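Q: Predicted model, plus sequence, below.
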Amino acid sequence: MTDAMVPVGHKPIVSRFAVATGVLELSADSADAIRNGLVPKGDVLEASMVAAIQAVKETPRTIPHCHVIPIEGCSVTWDWEDDALRCTVSVSAHWKTGVEMEALCGVSTGLLCAWDMVKSLEKDNEGQYPKTRIRDIRVLEKRKDEAQD
């Protein structure tokens, strides 16, 4: 077992790209409140997009063995699947290591932010979240260009 970051200094800088996605299952009331701009904490999709982008940029601060990567691009999209909200994050950079962890952190944080903003609507009478859940967080795509000699 090692207690060090994996050395990447010898690797060439190449174009890197990753896309990750995940789903937040919500009640019909929460979905309606988000769609109609009635969430007391504000615009859920806007705030959660900012949270996702921040998480992408801060990934090495939360995952100790991740390298600092100069992120060149990040996009966040939200799609409705009935009353479930899908977050998809795309990340790009030219660097020595991939950006899939950054995309995953973006999705996770975006979904957590959305949940936080509607948690008062999601709680049942006992203060629990019987139907709310985050699921299917995964990498959809990861690619890197070949090194140029």
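A: That came in fine, so what should we check first? Note that the coordinates shown come from a computational prediction; the quantities given were computed from them, not determined experimentally.

Q: separation between the residue nearest in space to the middle of the chain and residue 19?
A: By C-alpha atoms, centre = their mean, the mean C-alpha position of the chain lies nearest to residue 107, the distance being 1.4 Å. Spatial separation of residue 107 from residue 19 under the definition C-beta to C-beta, to the nearest Å is 9 Å. (Glycine included, C-beta is placed from N, CA and C.)

Q: all strands for the protein, in order.
A: 14-25, 71-81, 84-95, 133-144 (DSSP state E).

Q: name the helices or strands packed onto the shortest one?
A: Contacting strand 71-81 under the criterion 3 or more C-beta pairs under 8 Å, 6 or more residues apart in numbering; DSSP states H and E are the following elements: helix 44-57, strand 84-95, helix 100-122.

Q: same check, this time on the last one
A: Judged by 3+ C-beta pairs under 8 Å, 6+ apart, the packing partners of strand 133-144 are strand 14-25, helix 100-122.

Q: Where does the prediction get shaky in the chain?
A: Applying pLDDT under 70 to the chain picks out residues 1-2, 147-149.

Q: could I get the helices and strands packed on strand 71-81 as TSV with distance to residue 74?
A: Rendered in TSV, the data for the helices and strands packed on strand 71-81 read as follows (distance: least, C-beta to C-beta, whole Å):
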stretch	distance to residue 74
helix 44-57	5
strand 84-95	5
helix 100-122	7
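
Q: For residue 66, find the nearest of those.
A: helix 100-122 (5.3 Å; C-beta to C-beta).

Q: For the closest one, enumerate the helices and strands it packs against.
A: The elements that helix 100-122 packs onto, with contact taken as 3+ C-beta pairs under 8 Å, 6+ apart, are strand 14-25, helix 28-35, helix 44-57, helix 59-62, strand 71-81, strand 84-95, strand 133-144.

Q: got a markdown table for the ones you listed, with mean neighbour count and distance to residue 123 too?
A: What follows is the helices and strands packed on helix 100-122, written out as a markdown table (neighbours: other C-beta atoms under 10 Å; distance: least, C-beta to C-beta, whole Å):
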| stretch | mean neighbour count | distance to residue 123 |
| --- | --- | --- |
| strand 14-25 | 21 | 15 |
| helix 28-35 | 17 | 10 |
| helix 44-57 | 20 | 16 |
| helix 59-62 | 15 | 27 |
| strand 71-81 | 15 | 22 |
| strand 84-95 | 22 | 17 |
| strand 133-144 | 14 | 14 |
